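Trainee: need a structure here:
(3 chains)
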Amino acid sequence: MKRREFIKASALLSSTALLPEMLLSESMKKTNQDRYPNRLKPIIKGDVKEFHLSIDIIQQEVVPGFKFHTLAFNDQIPGPEIRVNKGDNIRVVFKNNTELNHTIHWHGMYVPWRMDGVPYVTQMPVMPGKTFVYEFVAEPYGTHFYHCHWGTLLHMQAGMYGSLIVEDSNDPIKRQFPYDREYTLVYSAHDSNFIRNELNGMLERMKERMYLMKNGRFNKERFGVFNTKDEFVESVNNGYQPPYTINRRSPSELPQPNWFTVNGKSYPMTPNLYIKEGENIRVRLINAGGEEHALHLHGHDFWQVCDDGVPVPQPWQMNTVRLSPGKTIDIIVEGNNRGLWTFHDHDTRKVTNNGLYPGGNLLALVYEDLPVEETKLDMMSKKMGLDALPIVALDE
Amino acid sequence: MKRREFIKASALLSSTALLPEMLLSESMKKTNQDRYPNRLKPIIKGDVKEFHLSIDIIQQEVVPGFKFHTLAFNDQIPGPEIRVNKGDNIRVVFKNNTELNHTIHWHGMYVPWRMDGVPYVTQMPVMPGKTFVYEFVAEPYGTHFYHCHWGTLLHMQAGMYGSLIVEDSNDPIKRQFPYDREYTLVYSAHDSNFIRNELNGMLERMKERMYLMKNGRFNKERFGVFNTKDEFVESVNNGYQPPYTINRRSPSELPQPNWFTVNGKSYPMTPNLYIKEGENIRVRLINAGGEEHALHLHGHDFWQVCDDGVPVPQPWQMNTVRLSPGKTIDIIVEGNNRGLWTFHDHDTRKVTNNGLYPGGNLLALVYEDLPVEETKLDMMSKKMGLDALPIVALDE
Amino acid sequence: MKRREFIKASALLSSTALLPEMLLSESMKKTNQDRYPNRLKPIIKGDVKEFHLSIDIIQQEVVPGFKFHTLAFNDQIPGPEIRVNKGDNIRVVFKNNTELNHTIHWHGMYVPWRMDGVPYVTQMPVMPGKTFVYEFVAEPYGTHFYHCHWGTLLHMQAGMYGSLIVEDSNDPIKRQFPYDREYTLVYSAHDSNFIRNELNGMLERMKERMYLMKNGRFNKERFGVFNTKDEFVESVNNGYQPPYTINRRSPSELPQPNWFTVNGKSYPMTPNLYIKEGENIRVRLINAGGEEHALHLHGHDFWQVCDDGVPVPQPWQMNTVRLSPGKTIDIIVEGNNRGLWTFHDHDTRKVTNNGLYPGGNLLALVYEDLPVEETKLDMMSKKMGLDALPIVALDE
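Mentor: The predicted structure is shown next:
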């Protein structure tokens, strides 16, 4: 038997019914498009591209049946995608509609330091109701992101992140790996109990803080703010107890995520990656959460082409890529093995929803030109009352 | 003092007795060989290599005094090693002897998608008592593995994994780093409480599932199986509660491993790596578990030559290699520093047995041609009633 | 608007007061210098450099208001830096002043195996009051470290680690990336409850052990020490219970760090990295703890130039580097974006002090030639009673 015949025979072995047309239907693709970040339209003002971001508290539905209160840029999780050209003059007008402090940090960007969004180090926090204007030149090239840098442990896992893509008309990746389509996948991990407790706690504390500030009674020690390290040390020597010694408000344990999302959703509501035979796609992976991910693609080796936006000088192929917190990785998938394939964390604790497998960051690579004759279902499915390959299986 | 003399002098400083001959004895090497996966013999049928795998529940002794119930391919953990040549036509006849569902996923292989082993996506699960036949062409080259993809969070840590090596007669690594011997080390991590509870829970649920199926009363909602995402969403809108919302059967926390194994064993029962002066050995590292490992070799820098089976274009040396979940890494160790050396996780929580250091994935690199005069023991050992270097030390 | 003008305008937007002169003052820099490991002076004896290390229990102040008992080389955490030239003959005289056993392992060094510091494998442990002499030739080139290898899970997180730098007069990194200044940052993570409980437990057990040894009543089974694996297995078969089966003394859970240190201190007492415009600095990152770190630098891409001391053949830039347990990474930061920048773990659980953000391994990259006119404070700070950018902010 020749290799091609052997594969063909084995592919037919277990196929006896129709693949659900839904999977490859136009309505499905439309729904899928909504699983990717919207691109934020800039207002052109002279040679400046002006973007508007605001922050509000919303309820995010991670999967049907589970919502939690989150902090969302422009009412979306992730926030809208900011996509610009290298060298563009960028202005972002940021409006804080919540009762909490915030900033925006431009992760991976060469911004002027006063635009870097680190509270007390580069700017005062953007207080409730206030607006802050960020201005910088778009560089360097590549896949980056933005996120809040106030109370980062809470604010980031509560949803304050979005992709920031800097394009180059002479794209180094496109030259080496010509591709037509690309996708942005933003990963995060959330401890829903931590978020609920801390968000409530922070809202309480902020009321006190705002009241005291408005009445000119802001107390530096009370809020753990000191001009210098010496001043801080002297305060402690004089009897001041820093918050970590009495731990007056935090849970005793660090957050342990129970929800793992891609673009704000968990399986089965995660986005699909569509591809065609012979096509290359570029996938931009962004880890906006605090967990390590080891992302495995079935049936393919892919190229890791960028690391934090920087083109890797001599890329090689792999089937599992590590995506550490704060990193962005660009991969190129070649459409050379048609079918339906999964792409998921190989630490399968992160392929769960609230402790139940499967869930989490599981998603699918779908060949949209998959021949119908390969998609037939076997008899067992029919006995189980299934008239197609089930797309959702929650109870394995 | 010359460098060579200096080293020689220091080596003699603390050596006064005989190294246990057992360590380098033939019986020891025989025992050690049993610590590596058996190679599964194929039946040759025309131009096809046919392998037979079955799955049963057995008791695995991880160390003397501790056993747990596991799912084992051909009664072994890891399952037997499948070793083939690139381009071979492979058939695997998989028989399920348990009361649970299973599949086999061929991790890292370019299989036809219906052979990929993802339940409900590429095939119906292989139900109790059933047989499923996998067929594919062996590619790509390199170190890969196979594992169950049903209830993966439980089934993988319960033992359902084995190595799959694709050889190439013109081996690119052998050309660059000529070597005579090679070893396969399959890493995993197990939460013994999680495994016991979940295995019992799954066996209970499967009885119900099989009864209902046989009586034509399989209920899709009950088992969380839906043809489409729309059907699933509609069910939830009509009042259906997905399992993750009520969490009716799982422990509230994700598994936290308390046993860390190499080839199914923990220290002191882990395998040794034997080497000779001037020899190169190739070690195939496979992470079939869900934990990150940072594996440190004493006294040597080694070459990381393959990443997920793919030869690295420009390899470099290191002494600690990260082995993330789902990844395989091949390393070349050059025998240029004779002695007894340890190779272990530098997250020393994984060098424990049920919380006690030392244990876990600690193992030894042993120069089998170590001169006897270098292996003498010091006086302190004799005072402690030891007549040789102790090979086992459990209470540090 | 030209690019340069645009950046200049945005930098001025939010600046209205004076940067605290303290940050860039000489006294601040002096204090900062104390945040880096001291270099240990050798005694020159012929062609040998002799170093003296001792170990004692001290109280380490991680931040003002929090101390814990630790094991400290020469009363410092980290231990003093040993810095030598490649090929030097090294002798380290190690004196154990505690009531516990210890050894020293030379992580990353090509030592003779009897100098490797693994208790029972390469040497008997260095018992209370005893001295042990390590001798080896300094190789290979690069950033390495030393640490205790007895009861490693406890002894390392209790402070027994220090940097070991092997220089080369023809430094390969200096040729490619000329730099003037360099810094050593040693990372660790500590579970203060685990350390307290285990240290007390170990001290108790050691009294018993020493008593029995002195009276010739050392019992191998009692201390889990066996000459061979066969002897151990036979003991178990005859009824001996290994410590992991009854877990008679350890906490039921593995340590979960609540303090994350750089050079033995947590934010706000972590060291600063000083740099000037146009200058390159080399930063040696050493992970002497058991946690993964993903270290992100603001406003810059840096070069990862060495991996475990080995120069990377074709380095590339990134903004976030993964520092796994046991690894050392050297980076080059180019001073091309003046300002105040943070450098911290992007798993923000590790930017906490006992559960409270911000803290942990957060530190700053400071341009010491930052123009005064860029450092003015905005009005909001003044309203809050701040007369400068606050350097310490504990309550976000």
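Trainee: quick check, the host helix or strand of residue A:199 touching chain C?
Mentor: Using DSSP states H and E, residue A:199 sits in helix A:192-214. Yes. Part of helix A:192-214 sits near chain C under the criterion Cβ under 8 Å from any Cβ of the partner chain, namely A:205, A:213. C-betas here are computed from N, CA, C, even on glycine.
Trainee: Residue A:114 is in contact with residue A:124, isn't it?
Mentor: No. Counting by Cβ atoms under 8 Å, residue A:114 does not reach residue A:124; the two are 10.9 Å apart.
Trainee: helices or strands up against the host helix or strand of residue A:136?
Mentor: Secondary structure assigned from DSSP H and E places residue A:136 in strand A:131-137. Applying 3 or more Cβ pairs under 8 Å, 6 or more residues apart in numbering or on different chains; DSSP states H and E, one finds that strand A:131-137 makes contact with strand A:89-96, helix C:3-13.
Trainee: need the least confident one among these, by mean pLDDT.
Mentor: Here the lowest mean pLDDT among these goes to helix C:3-13, at a mean of 52.
Trainee: is the helix or strand harbouring residue A:50 anywhere near chain C?
Mentor: Secondary-structure assignment from DSSP H and E places residue A:50 in strand A:48-63. Yes. For strand A:48-63, a contact with chain C is found by Cβ under 8 Å from any Cβ, at residue A:48.
Trainee: Packing partners of the helix or strand following that strand?
Mentor: Reading on from strand A:48-63 to the C-terminus, the next helix or strand found by DSSP H and E is strand A:66-73. Counting by 3+ Cβ pairs under 8 Å, 6+ apart, the packing neighbours recorded for strand A:66-73 are strand A:48-63, strand A:79-85, helix A:192-214.
Trainee: What residues sit buried inside strand A:66-73?
Mentor: Across strand A:66-73, burial judged by 16 or more other Cβ atoms under 10 Å in any protein chain shown covers A:66, A:68, A:69, A:70, A:71, A:72, A:73.
Trainee: Pairing partners for the strand holding residue A:136, with directions?
Mentor: strand A:89-96 (antiparallel) (DSSP bridges).
Trainee: chain center to the partner strand, what's the gap?
Mentor: Relative to the centre of its chain, strand A:89-96 is centred 20 Å away, using Cα atoms, centre = their mean, to the nearest Å.
Trainee: Just the C-alphas of it, formatted as CSV.
Mentor: C-alpha atoms of strand A:89-96 as CSV (Å, rounded to 0.1, in the frame of the first residue of the first chain):
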residue,chain,number,x,y,z
ASN,A,89,2.0,59.3,16.7
ILE,A,90,-0.5,57.8,19.1
ARG,A,91,-2.8,59.6,21.6
VAL,A,92,-5.0,57.6,24.0
VAL,A,93,-7.6,59.5,25.9
PHE,A,94,-8.4,57.3,29.0
LYS,A,95,-11.5,58.0,31.0
ASN,A,96,-12.0,56.4,34.4
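Trainee: I would like the residues contacting it, please.
Mentor: Here strand A:89-96 makes contact (Cβ atoms under 8 Å, 6 or more residues apart in numbering or on different chains) with A:45, A:47-55, A:82, A:84, A:102, A:104, A:126-138, C:1, C:3, C:6.
Trainee: Please enumerate residues in contact with stretch A:172-179?
Mentor: For stretch A:172-179, the external contacting residues (Cβ under 8 Å, 6+ apart) are A:141, A:279, A:280, A:281, A:282, A:303, A:305, A:306, A:311, A:330, A:332.
Trainee: Check the gap between the residue lying closest to the third one once chain neighbours are set aside and chain B for me.
Mentor: So that's residue A:280. Distances taken as Cβ to Cβ, 6 or more residues apart in numbering or on different chains put residue A:179 closest to residue A:280, at 4.0 Å, once the chain neighbours are dropped. In this structure, residue A:179 and chain B are 20 Å apart, going by Cβ to the nearest Cβ, to the nearest Å.
Trainee: Equivalent analysis for residue A:319, please.
Mentor: Distance of residue A:319 to chain B, given as Cβ to the nearest Cβ: 5 Å.
Trainee: need the contact list for that residue.
Mentor: A:296, A:297, A:300, A:301, A:302, B:107, B:108, B:308, B:326.
Trainee: what pairs with residue A:287 across the strands?
Mentor: On the basis of DSSP bridges, residue A:287 is bridged to residue A:187.
Trainee: before we move on, the earlier item: elements contacting the strand holding residue A:50?
Mentor: Looks like strand A:48-63 contacts strand A:43-45, strand A:66-73, strand A:79-85, strand A:89-96 (3+ Cβ pairs under 8 Å, 6+ apart).
Trainee: By proximity to chain C, which residue of the stretch 1-150 of chain A wins?
Mentor: The nearest approach of the stretch 1-150 of chain A to chain C comes at residue A:113, 2.3 Å away (Cβ to the nearest Cβ).
Trainee: Give the closest residue to residue A:122 in space, chain neighbours not counted.
Mentor: residue A:116 is the one closest to residue A:122 (Cβ to Cβ, 6+ apart), at 4.4 Å.
Trainee: now swap in residue A:156 and tell me
Mentor: residue A:147 (5.3 Å).
Trainee: I figured that neighbour hits residue A:107, correct?
Mentor: Yes. The pair formed by residue A:147 and residue A:107 meets the contact definition of Cβ under 8 Å, at 6.2 Å.
Trainee: now the strands for the stretch 151-300 of chain A?
Mentor: Taking DSSP state E, counting those that start in this stretch, the strands of the stretch 151-300 of chain A run over residues A:161-167, A:181-190, A:225-226, A:259-262, A:273-275, A:280-287, A:293-297.
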